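Asks: Kindly return the folded structure for what I paste below:
(2 chains)
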Amino acid sequence: AQRVTQPEKLLSVFKGAPVELKCNYSYSGSPELFWYVQYSRQRLQLLLRHISRESIKGFTADLNKGETSFHLKKPFAQEEDSAMYYCALSVGTSYDKVIFGPGTSLSVIP
Amino acid sequence: NAGVTQTPKFQVLKTGQSMTLQCAQDMNHNSMYWYRQDPGMGLRLIYYSASEGTTDKGEVPNGYNVSRLNKREFSLRLESAAPSQTSVYFCASSGLQGGPQHFGDGTRLSIL
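Replies: I've put the predicted structure just below:
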């Protein structure tokens, strides 16, 4: 079965500390993985996707097929990073079906 | 800058009432989606439409129906609302297969 897990519901870090939001997936095919973010009073929006291999707002994520993980990392957390983060997996022949994880609420303490 | 527009933003229903949530996108996207967001459960896919004229079930389709009216519009219908359907509903669209999704602001639905 296709599934996305995010083990931490809540994560608090101090400003300037490193942050890692964990994401694991189960899928027998070749995964397409994304991180979405929802800031307070804003729409859910794409943060990054694994195929782009880019850094957005200082965040990076590496796909580890052996561990079936796609953890989101940032070396120095900022207060404006406080938000809800969702890991998502596109599946199916055309990757049209998208499955989201339960989300992790990140709070950066000043 | 409309992107994905959902109406209404808020609605309160009584158990057994019916309701249609509307969603429209102006980005010429092929794929559209309906999700519900519940505390601790993230976003769960209700139905999706990979292209105009097609719809498919997601993870939690029971109690819902959808219509892909044209390329722009994808509506979600609750025929007989139940308290368990109290949730925030999000519509999204995507222009590429497996591509990033663009979300609406959500509809907060309460069923008493």
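Asks: was I right about residue B:59 contacting residue B:43?
Replies: No. The pair residue B:59 and residue B:43 does not pass the contact test of Cβ atoms under 8 Å, sitting 9.6 Å apart. Just so you know, the C-beta spots here come from the backbone N, C-alpha and C atoms, and that holds for glycine as well.
Asks: Looking at those two, which is more packed in?
Replies: Set residue B:59 next to residue B:43 and count neighbours by other Cβ atoms under 10 Å in any protein chain shown: residue B:43 wins out with 27 against 15.
Asks: How many residues are close by the residue of chain B found nearest chain A?
Replies: Proximity of chain B to chain A (Cβ to the nearest Cβ) peaks at residue B:98, 2.9 Å away. The tally of other residues near residue B:98 (other Cβ under 10 Å) stands at 19.
Asks: again, but for residue A:56
Replies: Neighbour tally, residue A:56, other Cβ under 10 Å: 15.
Asks: same deal with the one 4 residues further on?
Replies: Residues within reach of residue A:60, counting by other Cβ under 10 Å, total 15.
Asks: tell me which residues of the strand or helix carrying it are tucked away?
Replies: In this assignment (DSSP states H and E), residue A:60 forms part of strand A:60-64. Neighbour counts over strand A:60-64 (16 or more other Cβ atoms under 10 Å in any protein chain shown) mark A:61, A:63 as buried.
Asks: That one pairs with which strands?
Replies: Strand partners for strand A:60-64, identified by DSSP bridges, are recorded as strand A:69-74 (antiparallel).
Asks: List the buried residues of the partner strand.
Replies: Quick answer for strand A:69-74 (16+ other Cβ under 10 Å): A:69, A:70, A:71, A:72, A:74.
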